[in-house]
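Trainee: Task: produce atomic coordinates for the following.
(chains A and B)
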2 protein chains.
Amino acid sequence: MSGDDGARGCGRTGGRRIAVRLEYDGSAYRGSQFQENGPSIQAELESAIAKLTGETVRAAFAGRTDSGVHALGQVAAFDTGCRLSAGELVRGLDHFLPEDIAVLVAAEVPGVFDPRRDATGRTYRYRIHTAPVRSPMRRSRVWHVGQPLDVAAMSRAAQALVGAHDFAAFAPPFEGSTSRTLRRCDVSEDGDEVAVEMEAQAFLPHQVRRTVGALVEIGLGRQPEDWLRELLQAAKPSSAGPAAPPCGLYLVRVAYDGLVFGPGE
Amino acid sequence: MSGDDGARGCGRTGGRRIAVRLEYDGSAYRGSQFQENGPSIQAELESAIAKLTGETVRAAFAGRTDSGVHALGQVAAFDTGCRLSAGELVRGLDHFLPEDIAVLVAAEVPGVFDPRRDATGRTYRYRIHTAPVRSPMRRSRVWHVGQPLDVAAMSRAAQALVGAHDFAAFAPPFEGSTSRTLRRCDVSEDGDEVAVEMEAQAFLPHQVRRTVGALVEIGLGRQPEDWLRELLQAAKPSSAGPAAPPCGLYLVRVAYDGLVFGPGE
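Mentor: Got it, this is the predicted structure:
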């Protein structure tokens, strides 16, 4: 989320800029961004591109996801001199990517396209499992809270966060403005799961997971419904408490003006 | 499915008979039943019981699931001399079971209870993924067919199977009667998935997966809608073609007259 390295390296190999939408299971990775000391989504994508095209490229990502966080609709971009069609890129990368990462669609985009800076919206979903016993089929896919939650109270409390606010309380100490505009914070229940879905142009580091952590405190009755409002007003870094674990978090989609990944692109 | 060994060993240690409902991810196992040459759900459950109670018991299962097949509601039973409550058994076994197996509920049952023979209904669900690209989050959880299916044709065709029939075509050569009564065979669509849900008191080996394999042939337009009716009439072993892969199959629930696993049992 820091610096202006969103599209660093793009343009190096000339040719076309390609945007791809990625789904991945983040369980086995240190996060989306390249790490010297462990596997990353970026390194796997760049490796697959190299195997397919013979080119060494740098892929830029729309959003930085932490170790263990998943994506259903991450967006990345890279430049390539190859003449493969969008469909050939999807099928070719599929061949070289590991089974926990897939390129769902690819599209040629203007050479100025920057997946991070040009994003007009990011949607995250967080899945909480409330049944008393953990679910083996959903391990590493949900946060097993294992207790009933007051979803109505969580939903009402969440509305205090919608709009333009100083979200300092929902992030660790952060250099730069902690003001963000949250467009949506919806809490819903489906069977033995509670989902929190949040949408904004941009989020602070850990903002979604710390918001979920605070909402669960309210859902368990440990904090009053108006606690989030107090946290916003005090704007004290980290005061919302610990972040919910990464395994329940999904980057669902990233929106751009004028960029539509249609079927067959 | 063969023989009358459903409750073999139960009664050996005296005391109470306990029934448990299990959820498991079958990906890492050779199947539900004990195997000399590989991990099984039964061996893991019996090992957890031994660690918890100090007793060597044999657990009997309601349904035999193959290697890679999952369960959301398998039922097993064992005898124990321990005095742990149902809740203590659930929490204690949870501690000793691996992360891909969980005991969801436990209940004391009459000493004559046999999870296999007493079952009055078994429900299986099969998940088919139709999107062009595989889903990393759903790997080992769905069959990635990767093509659109004619769900209406599949649904109509499936109705020919409902009722009492000779299902020889939907099983490998089988000793004994191949007559079964299928209570329900529902084909439904939800987003990029097609689900087939089947319910009967008992199934032939591989019957659900071979039925799904045949339904997909119809959904792809490779076989006509009335093909299943022809297969039933000819009753020729294996003629329905190959089984769908195990990873998409879930044993959803097993029903018994008078046995209800309620919350807190």
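
Trainee: only C-alpha atoms for contact and neighbour calcs from this point on.
Mentor: OK.

Trainee: how much space between the residue nearest to residue A:221 when sequence neighbours are not counted and residue A:156?
Mentor: Nearest residue to residue A:221 in three dimensions, chain neighbours excluded: residue A:150, at 7.6 Å (CA to CA, 6 or more residues apart in numbering or on different chains). Distance, residue A:150 to residue A:156, using CA to CA, to the nearest Å: 10 Å.

Trainee: who in chain A is up against chain B?
Mentor: A:23-25, A:94, A:99-104, A:133-137, A:139 (CA under 8 Å from any CA of the partner chain).

Trainee: Kindly recompute the last result at 7 Å.
Mentor: A:23, A:24, A:25, A:99, A:100, A:101, A:102, A:104, A:133, A:135, A:136, A:137 (CA under 7 Å from any CA of the partner chain).

Trainee: now, the most widely separated pair of the residues you listed?
Mentor: A:104 and A:133 (33.5 Å; CA to CA).

Trainee: More neighbours: which of those two?
Mentor: residue A:104 (24 against 19; other CA atoms under 10 Å in any protein chain shown).

Trainee: Tell me which helix or strand the more buried one sits in.
Mentor: Secondary structure assigned from DSSP states H and E places residue A:104 in strand A:101-109.

Trainee: coming back round to it: hmm, which of the residues of chain A next to chain B are the buried ones?
Mentor: Neighbour counting with 16 or more other CA atoms under 10 Å in any protein chain shown marks A:23, A:24, A:25, A:99, A:100, A:101, A:102, A:104, A:133, A:135, A:136, A:137 as buried within these.

Trainee: isn't the second one right up against residue B:137?
Mentor: Pointing back at residue A:24 there. Yes: with contact defined as CA atoms under 7 Å, residue A:24 reaches residue B:137; the gap is 6.5 Å.

Trainee: so what secondary structure elements neighbour the strand holding residue A:104?
Mentor: Using 3 or more CA pairs under 7 Å, 6 or more residues apart in numbering or on different chains; DSSP states H and E as the contact test, the elements touching strand A:101-109 are strand A:16-24, helix A:86-96.

Trainee: cutoff 10 Å now
Mentor: strand A:16-24, helix A:41-53, strand A:70-80, helix A:86-96 (3 or more CA pairs under 10 Å, 6 or more residues apart in numbering or on different chains; DSSP states H and E).

Trainee: mind checking the SS state of the closest residue to residue A:131 other than its chain neighbours?
Mentor: If you skip the residues right next to it in sequence, residue A:131 has residue A:146 as its closest partner in space, 4.9 Å away by CA to CA, 6+ apart. Assigned with DSSP: H, G, I helix; E, B strand; the rest coil, residue A:146 falls in the coil class.

Trainee: Now residue A:146: phi and psi?
Mentor: phi 70, psi 20 (degrees, to the nearest 10).

Trainee: Distance check, it against chain B.
Mentor: Distance of residue A:146 to chain B, computed by CA to the nearest CA, to the nearest Å: 12 Å.

Trainee: before we move on, what about residue A:66?
Mentor: 16 Å.

Trainee: Now do the contacts for that residue.
Mentor: Going by CA atoms under 10 Å, 6 or more residues apart in numbering or on different chains, residue A:66 touches A:26-27, A:29-33, A:40, A:205-206, A:246-247, A:249.

Trainee: Repeat the analysis, applying 8 Å as the threshold.
Mentor: A:30, A:31, A:32, A:246 (CA atoms under 8 Å, 6 or more residues apart in numbering or on different chains).

Trainee: Am I right that residue A:183 is in a strand?
Mentor: Yes: judged by three-state DSSP, residue A:183 forms part of a strand.

Trainee: So it sits against residue A:199, correct?
Mentor: Yes: if you go by CA atoms under 8 Å, residue A:183 and residue A:199 touch, sitting 5.4 Å apart.

Trainee: what does stretch A:152-163 rub up against?
Mentor: A:181-188, A:215-216, A:218-219, A:225-229, A:232.

Trainee: Let's see which of these end up in strands.
Mentor: Judged by DSSP state E, strands contain the following of the contacts of stretch A:152-163: A:181, A:182, A:183, A:184, A:185, A:186, A:187, A:188.

Trainee: just how off-centre is stretch A:134-150 within its chain?
Mentor: Put simply, stretch A:134-150 sits 20 Å off its chain's centre (CA atoms, centre = their mean, to the nearest Å).

Trainee: and stretch A:78-86, which residues are buried?
Mentor: Quick answer for stretch A:78-86 (16+ other CA under 10 Å): A:78, A:79, A:80, A:86.

Trainee: no, scratch that, I was asking about stretch A:34-54
Mentor: Neighbour count says stretch A:34-54 has A:34, A:39-53 buried, by 16+ other CA under 10 Å.

Trainee: hang on, the earlier thing: among residue A:183 and residue A:199, which residue is more densely surrounded?
Mentor: Taking neighbours as other CA under 10 Å, residue A:183 and residue A:199 compare with residue A:199 leading, 22 against 17.

Trainee: Look up the closest residue to the more buried one, ignoring the ones flanking it.
Mentor: Distances taken as CA to CA, 6+ apart place residue A:123 nearest to residue A:199, at 4.4 Å, with adjacent residues excluded.

Trainee: Let's see the pLDDT reported for that neighbour.
Mentor: Looking at residue A:123, its pLDDT is 98.

Trainee: Now for it, how many residues are close by?
Mentor: Neighbours of residue A:123 (other CA under 10 Å): 21.

Trainee: now do residue A:232
Mentor: Using other CA under 10 Å, residue A:232 has 19 neighbouring residues.

Trainee: Check the one 3 residues further on too.
Mentor: Other residues near residue A:235 number 19, with proximity taken as other CA under 10 Å.

Trainee: Just to check, it is in contact with residue A:169?
Mentor: Yes: the criterion here is CA under 8 Å, and residue A:235 meets it with residue A:169 at 5.0 Å.

Trainee: The strand holding residue A:104: what's the following helix or strand?
Mentor: strand A:119-129.

Trainee: Would you mind writing the CA trace of that following strand as PDB?
Mentor: Extracted in PDB, the C-alpha atoms of strand A:119-129 (Å, rounded to 0.1, in the frame of the first residue of the first chain):
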ATOM      1  CA  ALA A 119      -8.400   1.200  -8.900                       C
ATOM      2  CA  THR A 120     -11.700   3.000  -8.100                       C
ATOM      3  CA  GLY A 121     -13.000   0.400  -5.600                       C
ATOM      4  CA  ARG A 122     -11.800  -2.600  -3.600                       C
ATOM      5  CA  THR A 123     -14.300  -5.000  -2.100                       C
ATOM      6  CA  TYR A 124     -13.200  -7.400   0.700                       C
ATOM      7  CA  ARG A 125     -15.300 -10.100   2.300                       C
ATOM      8  CA  TYR A 126     -14.500 -11.700   5.700                       C
ATOM      9  CA  ARG A 127     -16.100 -15.100   6.600                       C
ATOM     10  CA  ILE A 128     -16.700 -15.900  10.300                       C
ATOM     11  CA  HIS A 129     -17.800 -19.500  11.300                       C
END
